[in-house]
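Enquirer: attaching a predicted model along with its sequence, questions to come.
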Amino acid sequence: MSEDADEDLLAVAGALLNVLAQRGWRLGTAESLTGGMVGATITAVPGASVSYMGGVIGYTDRGKTALLGVPAELLEQCGAASAEVAEAMAQGCTERLNVQVELATTGVAGPASDDRGTPVGTVFVACATPWARTVERLLLDGDRRHIRVESTRAALWLAIRLLETTPPGAEERR
């Protein structure tokens, strides 16, 4: 990742933190394939602690179950690289960190596919607020580092877009 790409990623994280701070909301992250990169990017922005509560890295299936409460049956049925598991990771983050916004990443960064044959670069990013919930499926090309960086970027942008669709005054109705 180039220095320009680093600066761009930090700018996106800063924009997300600004939106969160304006609303007085807290963010938590649940990460698998990004391995803490989303949280590290957010905490590289000065003042992140105003809105960022922290994150959980549930890298393996066992970690997703033990740390985030993802049902083992769901992992068995859908596989870790799935929309359903991304949503369950986000929900587990909410319950453990007491946040209004949850962001989760899961997928296959490579260099090889998972035991289900999921292609490298298949990524699911989930974001949820008390009013909206969404999951995006990404099909990314490139090496492991590139896939992780672009997954991080996609997660941050997804959170910004979801927060922008929250109706005015929704915070007060919570």
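Expert: Yep, that arrived.
Enquirer: okay, buried residues for stretch 40-51 please.
Expert: 41-43, 45, 48, 51 (16 or more other CB atoms under 10 Å). To be clear about C-beta, it is placed using only N, CA and C from the backbone, and glycine gets the same treatment.
Enquirer: just stretch 133-140 next, same as before
Expert: Using 16+ other CB under 10 Å as the test for burial, stretch 133-140 gives 134-136, 138, 140.
Enquirer: which ones among those residues map onto strands?
Expert: 134-136, 138 (DSSP state E).
Enquirer: hey, where'd the helices end up in the chain?
Expert: 3-23, 37-43, 61-68, 72-78, 83-97, 144-164, 170-173 (DSSP state H).
Enquirer: which of those helices sits closest to residue 115?
Expert: Across those, residue 115 has its closest neighbour in helix 61-68 (10.1 Å, CB to CB).
Enquirer: near residue 120, how many other residues are there?
Expert: 20 (other CB atoms under 10 Å).
Enquirer: now it. Nearest residue, chain neighbours left out?
Expert: Leaving aside its chain neighbours, residue 120 sits nearest to residue 110 (3.7 Å; criterion: CB to CB, 6 or more residues apart in numbering).
Enquirer: who's in contact with the one you found?
Expert: 120-121, 143-144, 147 (CB atoms under 8 Å, 6 or more residues apart in numbering).
Enquirer: which residues does the most centrally placed residue in the chain bridge with?
Expert: Against the mean C-alpha coordinate of the chain, by CA atoms, centre = their mean, the closest residue is residue 104 at 2.9 Å. On the basis of DSSP bridges, residue 104 is bridged to residue 30, residue 126.
Enquirer: ok, it touching residue 31?
Expert: Yes. Counting by CB atoms under 8 Å, residue 104 touches residue 31, with 7.2 Å between them.
Enquirer: quick check: which ranges of the protein have low pLDDT?
Expert: Scanning the chain with the threshold set as pLDDT under 70 gives 1-5, 167-174.
Enquirer: got the contact list for residue 8?
Expert: Taking CB under 8 Å, 6+ apart, we find residue 8 in contact with residue 153.
Enquirer: likewise the one 4 residues further on?
Expert: Taking CB under 8 Å, 6+ apart as the contact definition, residue 12 lies against 153, 156-157, 160.
Enquirer: would you mind measuring from it to residue 91?
Expert: Distance of residue 12 to residue 91, computed by CB to CB, to the nearest Å: 24 Å.
Enquirer: cool, and residue 69?
Expert: 8 Å.
Enquirer: which of the two has more neighbours?
Expert: Shown here are residue 69 and residue 91; by other CB under 10 Å, residue 91 has more neighbours (19 against 15).
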